[in-house]
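*Asks:* Predicted coordinates and the sequence they were generated for:
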Amino acid sequence: MNTEFIEALEQIQQDKGISKDVLIEAIEAALISSYKRNFSSSHNVRVEISRETGEVRVYGQKQVAEEVEDDIQEISLEEAKDIDPNYKIGDIVEKEVTPRDFGRIAAQTAKQVVVQRIREAERGVVFEEYISRESDIIAGVVARVVRGTAFINLGKTEAILGHNEQMPGESYHPGDRLKTYIVEVKKTTKGPQILVSRTHPGLIKRLFELEVPEIHDGVVEIKSISREAGYRTKIAVSTKDTNVDPVGACVGQKGVRVQAIVNELKGEKIDIIKYSENPVEFITSALSPAKVSRTIVYEDSKSARVVVPDYQLSLAIGKEGQNARLAAKLTGWKIDIKSETQMTELEAEESHRDTELVLTESEASDETAAEASTDSTDNNEE
């Protein structure tokens, strides 16, 4: 190796941000293994590369010992003092043992180390870039689909869209553009592994932040999201600005904002709900599009009984219970939905039970009074 090699390392330092000294130290460490492997040596050695000329030298090392037990690893104090009178027990004596053709081996090893370090550095840069984007949205192009798993080309690397993270009914083909949500970034020996999702509720949140400036600027806040990917999403929004309608801001003029998100999600329905601190109002809104007659909340159990018109019952519950399930998840309350007819019957049953209970208690009271009267009569007769 020569000065051109050192200049190349300096160029790599500028272009890739990898320190020249770090590269040289890595090459020196690799050359020790190469020397031992190629020259069948069991000596302790040190490799030194000149930072100016690139010249490589190999030095054999022996430790100064009072009694030499291993000629390969040790040297007597007497022999060491013949080299330099200042040596003492425990010092390391070095002697150059650079082989004639070691330059060729050094050049090959250096190339391998530099290429490896550049690759590691590039992987590190990619990892740092994407680890900071966890829980964010990212756009890419489908590169290939292998056994149901889609690989998304992000430019510098690929993301993995697993089968479980794909929306029901969606199919992916090379060349398709997709927006996905970064769930996790892992560091592996083959580089960063980026796991993305199309089903995560976070995707909805980020899409609204992109489409609705009021959310991005913090004027409108997303309070909660419940989602069954590919079918329906409910999102609760609020604002502290009395001049802003949070639901209207999300819907957009003529529905243009929410429609853009629906299109991105291939037709997934989105219900935008106005958040309220009042649980009655919040639960009532959460069951949209169903009309609610009345809502009774039970704070202790954080549950609610909702009454709807008979013709609204199926809409309130939703297909296979979906609307009720999403509303419960959105609000954090257990919701029991009854039609007006069911509620009338239930109240009648409860009223009947209460009447029976009162009668039972009254009878028990009469019996107790009768027993007390009998006891009193018996005592008088005595």
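*Replies:* Yes, it's here.
*Asks:* burial of the closest residue to residue 274 other than its chain neighbours, as a residue count?
*Replies:* Leaving aside its sequence neighbours, residue 274 sits nearest to residue 247 (CB to CB, 6 or more residues apart in numbering; 5.3 Å). Quick note: C-beta positions are derived from backbone N, CA and C, even for glycine. By the criterion of other CB atoms under 10 Å, residue 247 has 19 neighbours.
*Asks:* Quick check, residue 247 in contact with residue 275.
*Replies:* No: using CB atoms under 8 Å, residue 247 is not in contact with residue 275; the gap is 9.7 Å.
*Asks:* list residues touching both of those two?
*Replies:* Shared contacts of residue 247 and residue 275, defined by CB atoms under 8 Å, 6 or more residues apart in numbering, are found at residue 237.
*Asks:* circling back to that earlier point, doesn't the residue nearest to residue 274 lie inside a helix?
*Replies:* Yes: counting by DSSP: H, G, I helix; E, B strand; the rest coil, residue 247 is located in a helix.
*Asks:* Please report how far it lies from residue 203.
*Replies:* The gap separating residue 247 from residue 203 is 20 Å, by CB to CB, to the nearest Å.
*Asks:* And for residue 254?
*Replies:* 24 Å.
*Asks:* what do you get for residue 290?
*Replies:* From residue 290 to residue 203 the distance is 26 Å (CB to CB).
*Asks:* Can you list the low-confidence ranges for this protein?
*Replies:* The model of the chain has pLDDT under 70 over residues 1-2, 40-41, 352-382.
*Asks:* Which residue ranges make up the domains of it?
*Replies:* Split into domains by automatic domain parsing, the chain comes to 3-127, 133-197, 276-375.
*Asks:* Centre of the chain to the shortest one, how far?
*Replies:* The chain centroid and the centroid of domain 133-197 are separated by 13 Å, computed with CA atoms, centre = their mean, to the nearest Å.
*Asks:* can you point me to the longest strand in this protein?
*Replies:* strand 177-188 (DSSP state E).
*Asks:* which residues sit against that strand?
*Replies:* For strand 177-188, contacts defined as CB under 8 Å, 6+ apart pick out 127, 130-131, 133-142, 150, 152, 159, 161, 165, 172, 192-198, 200, 202-203, 206-207, 264.
*Asks:* Buried ones among these?
*Replies:* Neighbour counting by 16 or more other CB atoms under 10 Å classes 127, 130, 137-138, 140, 142, 150, 152, 159, 161, 165, 172, 192-198, 200, 202-203, 206-207, 264 among these as buried.
*Asks:* so of these, which ones are in strands?
*Replies:* 137-138, 140, 142, 150, 152, 159, 161, 192-197.
*Asks:* from these, which is closest to residue 43?
*Replies:* Closest approach to residue 43 among these (CB to CB): residue 192, at 40.2 Å.
*Asks:* quick one: contacts for the closest one?
*Replies:* Listed by CB under 8 Å, 6+ apart, the contact partners of residue 192 are 123, 126, 127, 130, 131, 157, 185, 186.
*Asks:* swap the cut-off to 6 Å and go again
*Replies:* 126, 127, 130, 185 (CB atoms under 6 Å, 6 or more residues apart in numbering).
*Asks:* how many neighbours does residue 345 have?
*Replies:* If you count neighbours by other CB under 10 Å, residue 345 ends up with 12.
*Asks:* element containing it?
*Replies:* Element membership for residue 345 (DSSP states H and E) is helix 340-381.
*Asks:* coming back round to it: closest one to residue 224 among the domains of the chain?
*Replies:* domain 276-375 (5.4 Å).
*Asks:* How far does that closest one sit from its chain's centre?
*Replies:* 40 Å.
*Asks:* ranges for the helices of the stretch 101-250 of the chain?
*Replies:* For the stretch 101-250 of the chain, helices defined by DSSP state H, counting those that start in this stretch occupy the ranges 102-131, 201-211, 213-216, 246-251.
*Asks:* Columns distance to residue 279 on top of those, output as a markdown table?
*Replies:* Below are the helices of the stretch 101-250 of the chain laid out as a markdown table (distance: least, CB to CB, whole Å):
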| stretch | distance to residue 279 |
| --- | --- |
| helix 102-131 | 39 |
| helix 201-211 | 22 |
| helix 213-216 | 24 |
| helix 246-251 | 18 |
